[in-house]
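>>> Based on what follows, work out the 3D shape:
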Amino acid sequence: MKWCEGFSQWGVRKPNRSSEIHDRLCGKNPDTVNGSAYFLIPPVKIRNTMNHGETMTKYTILLVLAITGIFILAAGCSTPSLSQSGSAIPAVPAVNVSIQPEITRYTLAMSSAPGMGLSPNITILSGGSGKYVYLWKTDYGSFLSWNAPDFTVKRLGSNITLPGGKVYWTYESALAGTTRPLVHVTLDVIDATTGSVVGHAERVIGWSAGDMAEIR
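Below you'll find the predicted structure:
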């Protein structure tokens, strides 16, 4: 098709003076008509070069990639976490721990024991190395040890770490007859292999009749 023959079907409105437009378009000044510029752009036909086989191949590749991604995500969810050294990080074991008092009431006037005996009572629910240490803390008073064979009383302090066994809690006699605060005794069970705290317990000690300490 010639440029001049196809100008009407390319989107140029056909003026009334067709011969003048023809002369202007096909003559010496093809760029203006009645003082207005016309730009004739021939239509471009876009061919779809992708045949049916190529289309099916494309969708097959996309489907394979999607399935592969799903398997990778599933494998990532089931893979154990790794430390910086590349070894698997063991799961923190669940330990049920409580503080078991030997007596529920104690006063300095009692001669049967140097203090209120407290023992760790733990139940391992899952995992763990089986090797634990026990961190005892109190915000009032202090802990003592009183063990066989000599049963010598040893003052340990208010923040102590022991491999196990019973401790005794006591308070100072200098404040006898005064108002005393509530006492919070806490116990943290620590895995000796990983250093992780795997269990925690707390008991509150109150007061009655002045200097009588009692577990609540």
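
>>> Can you give me the domain assignment for the protein?
Using automatic domain parsing, the domain parsing of the chain gives 1-45, 47-79, 94-215.

>>> Pick out the shakiest of those domains, pLDDT-wise.
Across the domains of the chain, domain 1-45 has the smallest mean pLDDT, namely a mean of 45.

>>> Which parts of this structure are helices?
Taking DSSP state H, the helices of the chain run over residues 18-26, 52-78.

>>> Ser119 touches Ser98, doesn't it?
No. Look at Ser119 against Ser98 with CB atoms under 8 Å: they stay out of range, at 9.6 Å. No exception for glycine: its C-beta is placed from N, CA and C like everyone else's.

>>> Thr107: what's it in contact with?
211-213 (CB atoms under 8 Å, 6 or more residues apart in numbering).

>>> So what pairs up with the closest residue to His200 other than its chain neighbours in the strands?
Ranked by CB to CB, 6 or more residues apart in numbering and with sequence neighbours excluded, the top spatial neighbour of His200 is Asp188, at 5.5 Å. In this entry, Asp188 is beta-bridged to Leu135, His200, by DSSP bridges.

>>> What separation is there between Asp188 and Tyr106?
23 Å (CB to CB, to the nearest Å).

>>> Ala113 too?
8 Å.

>>> now do Ala213
In terms of CB to CB, Ala213 sits 5 Å off from Tyr106.

>>> so what sits against both of these two?
Common neighbours of Ala213 and Tyr106 (CB under 8 Å, 6+ apart) are Met116.

>>> Which one of Ala113 and Tyr106 is surrounded by more residues?
Tyr106 (25 against 15; other CB atoms under 10 Å).

>>> contacting residues for Val167?
117-119, 136, 143-145, 156, 160 are the contacts of Val167 under CB under 8 Å, 6+ apart.

>>> Save these as CSV, and put in neighbour count and distance to Leu62 too.
Shown next, in CSV, are the contacts of Val167 (neighbours: other CB atoms under 10 Å; distance: CB to CB, whole Å):
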residue, neighbour count, distance to Leu62
Gly117, 17, 71
Leu118, 23, 66
Ser119, 15, 65
Trp136, 21, 63
Phe143, 22, 68
Leu144, 19, 74
Ser145, 18, 71
Leu156, 15, 69
Ile160, 15, 65
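
>>> Which one of those residues is nearest to Leu182?
Leu118 (16.2 Å; CB to CB).

>>> My guess is the closest one contacts Thr170. True?
No. Using CB under 8 Å, Leu118 is not in contact with Thr170; the gap is 10.9 Å.

>>> bridging residues for Lys154?
Ser145.

>>> That one and Val167, how far apart?
Lys154 sits 11 Å away from Val167 when distances are taken as CB to CB.

>>> Thank you kindly, that will do.
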